[in-house]
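A.B. asks: the sequence isn't on hand, but the structure is:
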């Protein structure tokens, strides 16, 4: 929990540094909110059931659909652009592996209302800032960046219908997880011709923006967006963190433009985070579309990475004072001492039972107390208590009304 | 969300002031953890279902059973006493009324391993500290305090079996919610004789500790515990907040000793918080019992109370700087300025699109920005930006490397 609080504190600090506002959504949502037809992993892993009012509900597997619902609901009352962040618990019923749990938290940052690539550049900048704050460098992690428009432009060449697009993306996202033959079979049965499959796979292997421009030409949006993003990255100062990789498509159906994922350069772990532009999500819920982009950053893989790198912080218990009566009759007096200190803003672990001094010292060490305050009868009669500074061993008596 | 963060921050500050450690538990638990046979409201309001692995699971309606499970699981590795707090989301499928929602948060503080009434006294002290911090006084709220041992001693007089005890408590907890005839009927059908019912109801109407002592005698634990608590309250300094009221039993089956609830003195709202001692909960889950007590404090009723008293705090958005390019070609430059400021710890709302100055000023006002930083081409050529202090209207130019 101390580690989690540390991590979430930095999620929060970075989000606020970027001027984002914190939001949250219900954990329990209508199941329909999460059901899309593109065959995403996420859909088969829903924790869903019927509630006592016969509604189909689900524990949220991600936060973005709830955000979309809220934006539609609030409608014109919102001043755009929205810059929202959330740190929310999500559930997926799946096989548990390293960095993959059924219950986990996700840090999300989303920008609603900005069509420009500046928005994606800003989001990646915030993640880089986060990495720096926890001691992760550009030689530890990087971002693979592409755009769904790359695929779209290839598919358009082969007159593959738009409505197959999300499905094709989901299949392609599995490239590193299942054998290539399987990928080809799935693409063909989705209705992509053999020739298109071959060209698609070739384009996906491109790792250079220049090469991509040679193949797609420079007229399309895919290349223009990506070139702009790489030039903005230079201004933001994180060029060394990012690389173009056409194979990145991300596994969620709703992305429409730039997509990115954070990965560890040693290649030992799953993606650390991922995001992209989703300009057409709102209309799938019956709202008017708004340009939007965002990312999700889980709390599990990053902890594995920090462990591997020896970067986990020390997070100790820290209570300023421990207060103990030396005599059971003085417990009320000890309570008074604790109250006085707390009123002055000092944290106090009050010993609630009659315990031997040895026990009190052990407890003091466990909670990293700075001071031990003992309430003994001879001092108490003079309205005094005994104070021991635990780091130095220094000991003295203090008048009750001078205690602070 | 800003209000929630404010409230939770104070929950957290007070808990840490008392030397408590933060914990959390799974939202989704085995259903069995929450099923007790005493007929509590909570049981009929469970959000429960079967997961994909055919396990009966439930969204937690409260935190204490999970805490008990964890304590049993950790066993001897824990150093007692534990002083734990949690701020956790809980679910109950129930009719929604003022201060009562299906999804809500509960602040819990628990002390495990202390049999002495000092523990209960410490818990109430922490709640009083919380009230003071948010501006609530002893003339706004109070605590009704009793002990389950009062009932137990009355029931023992009538040789009513121990195993009926929890059930009787649950019935009695409904006294202010359903008609008295109904209460009597339920008690009788639970197996309490007519004579015992009458005496029970009479004892429950007692509001004075002296009167209680007259009836129960001073030999029993009930009177001794309560007298000790009231004397400790004086030392802690919150006597004016508490009163004895035999009718308080609380609606959870597992309480065994002191019980208390916070109420608004105007009597407009449901209980604000409630807690007590539950020394025998662990054994109901197959563990060895440990003395324990704790409280739950919801996030809904307190907000209603603060509203009524006009004590809701102002919680505004606050971003230190807003940075905008005056020209679309300078957006990269604006990104660089934002990055420099953020590296110095300054929060920045970066304008991500080309917007008219009027729009930028409106946005600056909305987020309560202190400074507006404009990146224009003539200044930029000289490596400078224009800074406007928004409170005073003062405006000046600053070298980029002198910006902080």
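C.D. replies: All right, it came through fine. All values derive from a computational prediction rather than experimental measurement. Residues are numbered from 1 along each chain as shown, chains lettered A, B, ... in the order given.
A.B. asks: check what pLDDT the residue of the stretch 101-250 of chain A found nearest chain B gets.
C.D. replies: The nearest approach of the stretch 101-250 of chain A to chain B comes at residue A:235, 3.6 Å away (CB to the nearest CB). For every residue, glycine as well, the C-beta is placed using N, CA and C. Here the pLDDT value assigned to residue A:235 is 97.
A.B. asks: what's the helix or strand for it?
C.D. replies: Taking DSSP states H and E as the definition, one finds residue A:235 inside helix A:221-236.
A.B. asks: who's in contact with that helix?
C.D. replies: A:117-118, A:120-122, A:124-125, A:128, A:145-147, A:149-150, A:152-153, A:209, A:212-213, A:216-218, A:239, A:241-242, A:244, A:257-258, B:331-333, B:335-336, B:339 (CB atoms under 8 Å, 6 or more residues apart in numbering or on different chains).
A.B. asks: can you say which of these are buried?
C.D. replies: By neighbour count, with 16 or more other CB atoms under 10 Å in any protein chain shown, those hold A:117-118, A:120-122, A:124-125, A:128, A:145-147, A:149-150, A:152-153, A:209, A:212-213, A:216, A:241-242, A:244, A:257-258, B:331-333, B:335-336, B:339 as buried.
A.B. asks: was I right to think residue A:187 contacts residue A:199?
C.D. replies: No: Residue A:187 lies out of contact with residue A:199 (CB atoms under 8 Å); the separation is 11.4 Å.
A.B. asks: with adjacent residues omitted, what lies nearest to the residue of the stretch 101-250 of chain A closest to chain B?
C.D. replies: Once flanking residues are discounted, residue A:235 sits nearest to residue B:332: 3.6 Å by CB to CB, 6 or more residues apart in numbering or on different chains.
A.B. asks: for the one you found, which residues are in contact?
C.D. replies: Residue B:332 neighbours (CB under 8 Å, 6+ apart): A:231, A:232, A:234, A:235.
A.B. asks: let's have the residues you listed in JSON lines, adding neighbour count.
C.D. replies: Converted to JSON lines, the contacts of residue B:332 look like this (neighbours: other CB atoms under 10 Å in any protein chain shown):
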{"residue": "A:231", "neighbour count": "13"}
{"residue": "A:232", "neighbour count": "23"}
{"residue": "A:234", "neighbour count": "15"}
{"residue": "A:235", "neighbour count": "21"}
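A.B. asks: picking that back up, the more surrounded of residue A:187 and residue A:199?
C.D. replies: Per other CB atoms under 10 Å in any protein chain shown, whichever of residue A:187 and residue A:199 has more neighbours is residue A:187, with 22 against 17.
A.B. asks: for the nearest residue to residue A:377 once chain neighbours are set aside, give me its contacts.
C.D. replies: Once flanking residues are discounted, residue A:377 sits nearest to residue A:327: 5.8 Å by CB to CB, 6+ apart. Shown in contact with residue A:327 (CB under 8 Å, 6+ apart): A:354, A:376, A:377.
A.B. asks: what do you get for residue A:57?
C.D. replies: By CB under 8 Å, 6+ apart, residue A:57 lies in contact with A:28, A:29, A:30, A:31, A:48, A:49, A:50, A:51.
A.B. asks: now do the fourth one against residue B:92, distance only.
C.D. replies: Read it as residue A:31. Distance of residue A:31 to residue B:92, given as CB to CB, to the nearest Å: 20 Å.
A.B. asks: out of the two, which sits in the more crowded spot?
C.D. replies: residue B:92 (20 against 17).
A.B. asks: that one reaches residue B:43, doesn't it?
C.D. replies: No: the criterion here is CB under 8 Å, and residue B:92 misses it with residue B:43 at 10.2 Å.
A.B. asks: rewinding a little: dump the contacts of residue A:57 to JSON lines, plus pLDDT and secondary structure.
C.D. replies: Below are those laid out as JSON lines (pLDDT from 0 to 100; DSSP: H, G, I helix; E, B strand; the rest coil):
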{"residue": "A:28", "pLDDT": "95", "secondary structure": "strand"}
{"residue": "A:29", "pLDDT": "95", "secondary structure": "strand"}
{"residue": "A:30", "pLDDT": "95", "secondary structure": "strand"}
{"residue": "A:31", "pLDDT": "95", "secondary structure": "helix"}
{"residue": "A:48", "pLDDT": "91", "secondary structure": "strand"}
{"residue": "A:49", "pLDDT": "91", "secondary structure": "strand"}
{"residue": "A:50", "pLDDT": "90", "secondary structure": "strand"}
{"residue": "A:51", "pLDDT": "89", "secondary structure": "coil"}
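A.B. asks: of the residues you listed, which is the nearest to chain B?
C.D. replies: Looking across those and measuring by CB to the nearest CB, the closest to chain B is residue A:49, at 3.3 Å.
A.B. asks: mind listing what that closest one touches?
C.D. replies: Counted by CB under 8 Å, 6+ apart, residue A:49 has contacts A:56, A:57, A:58, B:49, B:50.
A.B. asks: what segments of the stretch 1-150 of chain A are strands?
C.D. replies: In the stretch 1-150 of chain A, the strands defined using DSSP state E, counting those that start in this stretch lie at A:21-22, A:28-30, A:47-50, A:56-59, A:82-91, A:103-112, A:141-147.
A.B. asks: quick one: strands adjacent to the shortest one?
C.D. replies: Pointing back at strand A:21-22 there. Strands that pair with strand A:21-22, judged by DSSP bridges, come out as strand A:82-91 (parallel).
A.B. asks: tilt between the partner strand and strand A:103-112?
C.D. replies: 160 degrees (axes from the mean of the first three to the mean of the last three CA atoms, to 10 degrees).
A.B. asks: now do strand A:82-91: everything it contacts.
C.D. replies: By CB under 8 Å, 6+ apart, strand A:82-91 touches A:8, A:11-12, A:15, A:18-25, A:27, A:47, A:59-63, A:67, A:71, A:102-113, B:27-28, B:349.
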